[in-house]
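A.B. asks: 3D model of this:
(2 chains)
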Amino acid sequence: MPPARTSSLCASCATALHSQAPSTSHAGLRTFTTTAAHQSAPAQDQPRWKQTPPAMKMAFRLRPRPNQPEWKVNDQQAPLDEMYDSFVGHAGEAAKGQTGVESIKGRDLLPEEVKWLAITHKSFDHGRRGFNDRLAFLGKRIVYLQTSLALLRSPTAAPQVFTTKKERKNENMNIFHHPALAGTENLTAFSKAQVLSPSRLARLAQSYGVDRVVRWKPKKAENLKGSGVETVLAHTVYSIIGALAMQRGGEVAARTARERILQPLGLR
Amino acid sequence: MKRVRLDRWASQLQPPRNPRLQVQRCAFSHETTTLPRRRETEQQRQYITQTQWQCQRRTVSSKRKASTATALQEEGNEVEADTPEPSSGAKKPPTGPSPLYAPSHRLAARSAKLAALHARLSLPPKLPLQTLARCLVDPSADPRTDYNNAPFAILGQDLLGYHTTEHLTCHYPRLPMSVLFAAQYAFVGEATLASIRAEWGVEVVAAPGVEVDAGLLQLKRQVPGNSIVEGTGRRVKDMPGVRVLGARLGGGRRNAEWNYRRGVSSRVVFDDEFGDLIGGEPYAGAQLSTSASEDGSAVEADEADGTTSTPPNLPQSPDDTEATTVSDASASFVRAVAGALYLHAGAAATKTFHRDHILSRQLDLHTMFNFTHPTRDLSRLCAREGFEPPVARLISETGRLSRTPVFVVGVYSGDNLLGEAAGASLNEGRVRAAAAALRSWYLYSPSKVEIVLPSDVEGMAAGKGKVWKPQVIDVGEIVT
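C.D. replies: Next comes the predicted model:
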């Protein structure tokens, strides 16, 4: 007697089909304009960060599961909030007085969707739930600028303004001295690269607990370093700064960059 | 009668020496040590080609600007110039042992070009002419940090980059990353800044020196890659010893490996603000990371955190510096002006500078998109956002059976028109309409009233005027 299954499927795919319960997704389709008739939200409407858009995925999985351990990421709000509190620290005080800011803890500075978006890498869920590239781009510019300014403020060997006679004798007449130009000798490509190397940022991110909440998919779960975890963590650090900048303004972001990134890395 | 100084006269009475046969050296240099043999021949070769190129391109005006030190045919072996001769400008001999490779800052106040530039750019009086003169000195002309524009250029690049990025991110929150990189380059990239330098009317010297006007951009010009190296039949660009792109201080990409693909996301962390590979070494003698397969026996000076502790081997005189292109040096100059403006006049002045010189330039963002499968991407976009799936409908047509038909196709999501375009065939119209729909999505811009830039509420600007409003944060583009 012939087997009762379609001949187009191989045995492994057929078993996969049978083992999976078909998911019923009745997510309502949003209309494009807001003037359209208001559709009542379906019962199982979840926040955007929590689910893959139902129209973007198949109802059932056709291909067999790959032969590797499944990579799981955090999906709880609590560890994420703790990470934000620890990351932002007291730098949120710069947001006092803004509308909609009740408390200045890190977890309250950003809305829920933005909090999740900022720690979502492009490798997570094939980029279907969004990713933090643009935020990281902005955040990196902010961090770079703050690094340059911090390097300029670093202590220097040679004074810029000479007061004593002894200093005047040693003054180099060929250099134009001006108080505003103090610290320019500290600002070099070498010093900047030293401060902001991705591995240092990754270690800093680990100390804040970013590695426990970042959403990504490594190439090899047993070799995270080879899969680029340091890059992803540095990327996430930048994107948190960028998210703070877009949501709470430049002052909060700059202060967070100064106090929570540069100061632990050794620059005041 | 004045006593004739034969030791100085002798050189000028002789016929001009052939620059191809001699290594150039600054007449005021205090160096008495000879360069190592190998480097000298390389230098010689470089200079020979350089002067050869200069001879071909020399015009009357550049002759005037050319260093007069080359006219005094120095006799490097015979007489070493212990005391510098008083030049046309009244320059005091330096108290410290620091030779000058560019015009002294004391001459800056006398330069008409410099003062005119300062006035032309409407720079605030807080920015002194001496600093502006320093901004015109490229590190290739004088490698010492106290004399060149390198620190200003680094700071200025950060400032211009930050202001441009926040402008783009706040005005176009949905721009894809590749377009964002391209737009950033279009606003503050090297080519744009070089043309800004030309628009400002800043001229470039043929060769740097102490006696050139302080209002000219000083750099050591790179030999063009297409010029032929003396003695060989090969072009400069084909000679061995090319920099490896992507090698970077303190742990970079493994770009040289055969199975490594550089994606767009990783450019944010590893590459520069335009998404381009950071070319070669940030400075001569920098430590570079090597791939694991190569450095079997190589000593890894990197510490565990990927940074090097050995200080860099920096060049000390213009003889050791790498030559740069005019484009590079122009970009450094414009950045240096921004940086110097920040140091002397503050953040508000820099923001005004950015607005006046960078943002005032027009950029057509809608021409910077490149879609390979717009219909597929639009379908994914509608699926992600929860719109009804896109359907292409023919709106109107003409000349279907003629040689030049026109089909106006619209892509609809339900009853809403997403994008519309005309094409010579039905398929072309459909594809163009999908591309138009994607462009309209990605180029969304909030109303001007809603836009508050992050720097508008930062620092000193915090108290004045603008009230902060959270900006639109988009989830990201469709991954193609």
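
A.B. asks: would you map the strands across chain B?
C.D. replies: Counting by DSSP state E, chain B has these strands, from start to end: B:390-398, B:406-413, B:416-423.

A.B. asks: distance from the chain centre to the last one, please.
C.D. replies: If I follow you right, that is strand B:416-423. Strand B:416-423 sits 40 Å away from the centroid of its parent chain (C-alpha atoms, centre = their mean, to the nearest Å).

A.B. asks: which other helices and strands does that strand contact?
C.D. replies: strand B:406-413, helix B:426-442 (3 or more C-beta pairs under 8 Å, 6 or more residues apart in numbering or on different chains; DSSP states H and E). Bear in mind the C-beta positions are built from the backbone N, C-alpha and C, glycine included.

A.B. asks: which of those sits closest to B:G231?
C.D. replies: The closest of those to B:G231 is helix B:426-442. By C-beta to C-beta, the value is 53.7 Å.

A.B. asks: how far does the closest one sit from the chain's center?
C.D. replies: On the basis of C-alpha atoms, centre = their mean, helix B:426-442 sits 35 Å off its chain's mean C-alpha point.

A.B. asks: now check that helix, is it near chain A?
C.D. replies: No - judged by C-beta under 8 Å from any C-beta of the partner chain, helix B:426-442 and chain A are separated, with a smallest distance of 10.4 Å.

A.B. asks: tell me who's in contact with the residue of the stretch 151-268 of chain A found nearest chain B.
C.D. replies: Across the stretch 151-268 of chain A, the shortest distance to chain B (C-beta to the nearest C-beta) belongs to A:G250, at 3.2 Å. For A:G250, the contact set (C-beta atoms under 8 Å, 6 or more residues apart in numbering or on different chains) comprises A:142, B:166, B:453-459.

A.B. asks: could you redo the last one with a cut-off of 6 Å?
C.D. replies: Contact partners of A:G250, counting by C-beta atoms under 6 Å, 6 or more residues apart in numbering or on different chains, are B:454-455, B:457-458.

A.B. asks: quick one, phi psi at it?
C.D. replies: The phi/psi pair for A:G250 (degrees, to the nearest 10) reads phi -70, psi -30.

A.B. asks: and the residue positioned nearest the centre of chain B, how close does it get to chain A?
C.D. replies: Against the mean C-alpha coordinate of chain B, by C-alpha atoms, centre = their mean, the closest residue is B:E190 at 3.5 Å. Distance from B:E190 to chain A, counting by C-beta to the nearest C-beta, to the nearest Å: 16 Å.

A.B. asks: is it true that that residue touches B:A331?
C.D. replies: Yes - when contacts are counted by C-beta atoms under 6 Å, B:E190 is listed as touching B:A331 (4.3 Å).

A.B. asks: burial count for A:T231?
C.D. replies: For A:T231, the tally of surrounding residues (other C-beta atoms under 10 Å in any protein chain shown) stands at 22.

A.B. asks: before we move on, the earlier item: in contact with the residue nearest to the centre of chain B, which residues?
C.D. replies: B:327, B:331.

A.B. asks: just checking, what packs against the host helix or strand of A:M246?
C.D. replies: With secondary structure defined by DSSP states H and E, A:M246 is part of helix A:229-248. With contacts taken as 3 or more C-beta pairs under 6 Å, 6 or more residues apart in numbering or on different chains; DSSP states H and E, helix A:229-248 sits against helix A:112-118, helix A:133-153, helix A:198-208, helix A:210-213, helix A:250-256, helix B:267-270.

A.B. asks: closest to A:T99 out of those helices?
C.D. replies: Each of the helices and strands packed on helix A:229-248 has some distance to A:T99 by C-beta to C-beta; the shortest is helix A:250-256, at 13.9 Å.

A.B. asks: which single residue of chain B ends up nearest chain A?
C.D. replies: Residue nearest to chain A within chain B (C-beta to the nearest C-beta): B:V475, separated by 2.8 Å.

A.B. asks: that residue contacts A:G130, doesn't it?
C.D. replies: Yes - if you go by C-beta under 6 Å, B:V475 and A:G130 touch, sitting 2.8 Å apart.

A.B. asks: that older thread, so the residue nearest to the centre of chain B versus B:F333, what's the distance?
C.D. replies: In this view, B:E190 and B:F333 are 11 Å apart by C-beta to C-beta, to the nearest Å.

A.B. asks: likewise B:L277?
C.D. replies: To B:F333, B:L277 is 23 Å away according to C-beta to C-beta.

A.B. asks: of these two, which one has the most company?
C.D. replies: Taking neighbours as other C-beta under 10 Å, B:L277 and B:F333 compare with B:F333 leading, 28 against 18.

A.B. asks: for A:D81, which non-adjacent residue is spatially closest?
C.D. replies: Once flanking residues are discounted, A:D81 sits nearest to A:R107: 3.8 Å by C-beta to C-beta, 6 or more residues apart in numbering or on different chains.

A.B. asks: doesn't that neighbour belong to a helix?
C.D. replies: Yes - checked against DSSP: H, G, I helix; E, B strand; the rest coil, A:R107 lies within a helix.

A.B. asks: tell me the contacts of it?
C.D. replies: By C-beta under 6 Å, 6+ apart, the residues touching A:R107 are A:81, A:84-85.

A.B. asks: which residues does the residue nearest to A:A205 when sequence neighbours are not counted contact?
C.D. replies: Nearest non-adjacent residue to A:A205, counting by C-beta to C-beta, 6+ apart: A:L233, 4.0 Å away. Taking C-beta under 6 Å, 6+ apart, we find A:L233 in contact with A:202, A:205, A:210-211.

A.B. asks: pLDDT and neighbour count added to these, as TSV?
C.D. replies: Output for the contacts of A:L233, formatted as TSV (pLDDT from 0 to 100; neighbours: other C-beta atoms under 10 Å in any protein chain shown):
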residue	pLDDT	neighbour count
A:A202	96	27
A:A205	97	24
A:V210	97	24
A:D211	96	19
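
A.B. asks: ok, these vs B:E385, which is closest?
C.D. replies: Proximity of these to B:E385 (C-beta to C-beta) peaks at A:V210, which lies at 28.8 Å.

A.B. asks: the closest one: what's it in contact with?
C.D. replies: Counting by C-beta under 6 Å, 6+ apart, A:V210 makes contact with A:83, A:233, A:236.

A.B. asks: look up how far A:F87 lies from the second one.
C.D. replies: What it means is A:L233. Applying C-beta to C-beta, the value for A:L233 to A:F87 is 12 Å.

A.B. asks: kindly state the pLDDT recorded for the residue nearest to A:D81?
C.D. replies: If you check A:R107, the pLDDT there is 93.

A.B. asks: give me the number of residues near the residue of the stretch 101-250 of chain A at minimum distance from chain B?
C.D. replies: Going by C-beta to the nearest C-beta, chain B is nearest to A:G130 of the stretch 101-250 of chain A, at 2.8 Å. A:G130 has 22 neighbours, counted by other C-beta under 10 Å.
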